[in-house]
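Peer 1: Requesting a structural model of the entry that follows:
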Amino acid sequence: MISRLAAILLLGAGALVVNAAKYPLTESHSGSTFFDGWKFPVETYDNTTSGDVFWATAQNTSLLYVNDAGRAILKVDNTSTVVYNEKRYAPKLLSKTEYAPGTVFVMDAVHVPYGCSVWGAFWTQGTNWPYNGEIDIFEGVNQRTHNMMALHTGNTCTVDTSVSMTGNVTVEDCDQFTDSSSGCTIYDENTYSYGEAFSQAGGGVWVAEWTNEAIKIWFITRSNVPSNMTATASTFDTSGLGTPTAVYSSSTCDLESLFGSIDITLCGDFAGEASVLEATCPTLATDKTCYTTYVINDGSTTYANAYFELNYINIYTNNATTTSSSSTTTTAAGVSSKTSSSSSSAVKNSVDMMTPTKGLSFLAALGVIMGLIL
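Peer 2: Below is the predicted model of the structure:
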């Protein structure tokens, strides 16, 4: 399912050969032109992960803008009073381009969305979900303190635990139809990888490398980010990044055609599940749900931290790219997968940015979506 993702080659029993490469810059989204490289979803609401949000449009300039520091902001509406049976506005952006294996996605953030009912993610998705796979590069919910990475597939696929990585494998089976649809999950041991601690540390950078041999994900906290890892870097070399946080190897998975995305949603199929929500947030009252407790009424306090603040998103690739006729990946709060078709059969993945969507799943093509759901 995930057959062409990061740049790691597994040979023999447990032998890992790093097939690192230098990739040329293809797209850079930052500063005043950050939003030029994305499009908005056709849907007006989150119909994929059951999030309690309406998608923001280009006219929602209070939710999507560039701040005085030159950073892109994607945030949940925290100034409106939402009445019962209505939803809260959140951002969702889709990439205009699709990518093939031999690609590196880099996201530099100083703040990521967190708080009770909040579900933010930077993820990938294939064209036929879940059979073509989904990769969650960054995913955080509620008041957790660690980033969770995951792979969702519709076929036999497992984590090769013999491969060296710093993350903690909590579920090995990637099949979407087993283990409560969790996918094969790997938690970052670094407490600076999500939540308040992430922001207090100055943020950090996620790097996802996708090749035919593996998907490899790194998180680098701000104090360790190399000086040459910038929005203007014309090339990206993965050879000096050290041991990945997470690795999905072709030795135990088919890594072909996946899309990526980033998003944030509210409540939904994951963050809103009582057992998940109550693990880091107060126990719900007997007659209350995630929606009635957090989404409606005044959201000024609940969603004060439900936003992405991004220095840049860069895409480096050794393969040609093409504008897609439609895109499935999005950036939103809560990860939800969608389908997209490419104008070129040679290009398998698309990068999307979507703001709030609920639910998180790992589906078919590889793409990158950045979204925020509050």
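Peer 1: what about the helices in the protein?
Peer 2: Ranges of helices within the chain are 195-200, 268-271, 274-277, 290, based on DSSP state H.
Peer 1: Please identify the deepest-packed of these.
Peer 2: The highest mean neighbour count among the helices of the chain belongs to helix 268-271 (a mean of 28), with neighbours defined as mean count of other CB atoms under 10 Å. Quick note: C-beta positions are derived from backbone N, CA and C, even for glycine.
Peer 1: Can I get it in CSV? Just the C-alpha atoms.
Peer 2: Coordinates of the C-alpha atoms in helix 268-271 are reproduced here as CSV (Å, rounded to 0.1, in the frame of the first residue of the first chain):
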residue,chain,number,x,y,z
GLY,A,268,-15.0,14.4,15.3
ASP,A,269,-14.3,10.7,15.0
PHE,A,270,-11.0,10.9,17.0
ALA,A,271,-10.6,13.9,19.2
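Peer 1: now that helix: mean pLDDT?
Peer 2: Per-residue confidence for helix 268-271 averages out to 92 on the pLDDT scale.
Peer 1: starting at the chain centroid, how far to that helix?
Peer 2: Mean-position distance between helix 268-271 and its chain equals 15 Å (CA atoms, centre = their mean, to the nearest Å).
Peer 1: same thing with stretch 69-79?
Peer 2: For stretch 69-79, the gap between its own C-alpha mean and the chain's C-alpha mean amounts to 17 Å (CA atoms, centre = their mean).
Peer 1: mind listing what's buried in it?
Peer 2: Taking 16 or more other CB atoms under 10 Å as the neighbour-count basis, stretch 69-79 is seen to contain the buried residues 71-78.
Peer 1: where in the stretch 51-200 of the chain is pLDDT low?
Peer 2: Residues of the stretch 51-200 of the chain meeting the criterion pLDDT under 70: 126.
Peer 1: can we see that at 90?
Peer 2: When the per-residue scores of the stretch 51-200 of the chain are filtered using pLDDT under 90, the ranges that remain are 91-103, 121-136, 151-157, 175-183.
Peer 1: correct me, but Ala279 touches Asn142?
Peer 2: Yes: the pair Ala279 and Asn142 qualifies as a contact (CB atoms under 8 Å) at a distance of 7.4 Å.
Peer 1: can I get the helices of the chain in JSON lines with distance to Tyr303?
Peer 2: Rendered in JSON lines, the data for the helices of the chain read as follows (distance: least, CB to CB, whole Å):
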{"stretch": "helix 195-200", "distance to Tyr303": "14"}
{"stretch": "helix 268-271", "distance to Tyr303": "13"}
{"stretch": "helix 274-277", "distance to Tyr303": "15"}
{"stretch": "helix 290", "distance to Tyr303": "13"}
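Peer 1: what about those, which gets the closest to Ile215?
Peer 2: When these are ranked by proximity to Ile215, the top entry is helix 268-271, at 20.7 Å, counting by CB to CB.
Peer 1: and that closest one, what does it pack onto?
Peer 2: Judged by 3 or more CB pairs under 8 Å, 6 or more residues apart in numbering; DSSP states H and E, the packing partners of helix 268-271 are strand 118-125.
Peer 1: Thr57 is nearest to which of the helices of the chain?
Peer 2: In this view, the helices of the chain are compared for proximity to Thr57 by CB to CB, and helix 268-271 is the closest at 20.7 Å.
Peer 1: Cheers, nothing more for now.
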